[in-house]
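Trainee: Structure for the following, please:
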Amino acid sequence: LKSDASKKYAIKTMKKAEIIASKHVDHIENEKVILSRIEHPFALDYNGFFQDERYIYFATELLGGGDLFTYHRGVGNFDANQTAFYGAQICSVFEYLHSKDIVYRDLKPENILFVSTDWYTEYCPASKRNIRRMRDTRVKLIDFGSATFDWEHHSSVVSTRHYRPPEVILELGWAQPCDV
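Mentor: Modelled structure (predicted):
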């Protein structure tokens, strides 16, 4: 992290005592291993892990554009081109993750962040108001805390309730198709 003093990082901070109390040590270990093994233009860039006596820290790239959920709520429904563009980016990163035998298990709009914070305002005749548009619509998948490998036992329910796949609701367990 010291090699480029001008670069900005995001630091995810977690209390060791809370991780142990909630029995999430395996999730944190998996997240660290998975982040260190992936490199894809639509996945969060991982820069390292460090710890002290009370906390553990993940250093990642800083993504300042906000999440897809909040953006969607602000601008309304996406047109077909926007939907196809965001969808293609997400499909690309999932194709990559699955090729690495990784099951993500927590796909939701809140875990998709825009790379850039560069916005402009445009008048929308349909809603008769100004809306914010992104100049750079590249997105990245974040939060690999629920991710696991294909060969691991993963029948536990770890996803966000509103986005849970039918296979998990029916207690059939997780597999790559549950991601999409």
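Trainee: The helix or strand where Tyr57 lies pairs with which strands, parallel or anti?
Mentor: Take DSSP states H and E as the rule and Tyr57 turns out to sit in strand 55-61. Note on strand 55-61: by DSSP bridges, its sheet partners are strand 9-15 (antiparallel), strand 46-51 (antiparallel).
Trainee: wait, isn't Ile11 in contact with Ala59?
Mentor: Yes. In this structure, Ile11 is within contact of Ala59 by C-beta atoms under 8 Å, at 5.7 Å. Quick note: C-beta positions are derived from backbone N, CA and C, even for glycine.
Trainee: So between those two, which is more surrounded?
Mentor: Neighbour comparison, Ile11 and Ala59: the larger count goes to Ala59, with 16 against 13 (by other C-beta atoms under 10 Å).
Trainee: what sits opposite the more buried one in the beta ladder?
Mentor: Beta bridges link Ala59 to Ile11, Gly48, judged by DSSP bridges.
Trainee: is it true that it touches Tyr9?
Mentor: Yes. Counting by C-beta under 8 Å, Ala59 touches Tyr9, with 4.9 Å between them.
Trainee: Tyr86: which of the strands paired with strand 55-61 is closest?
Mentor: strand 9-15 (21.4 Å; C-beta to C-beta).
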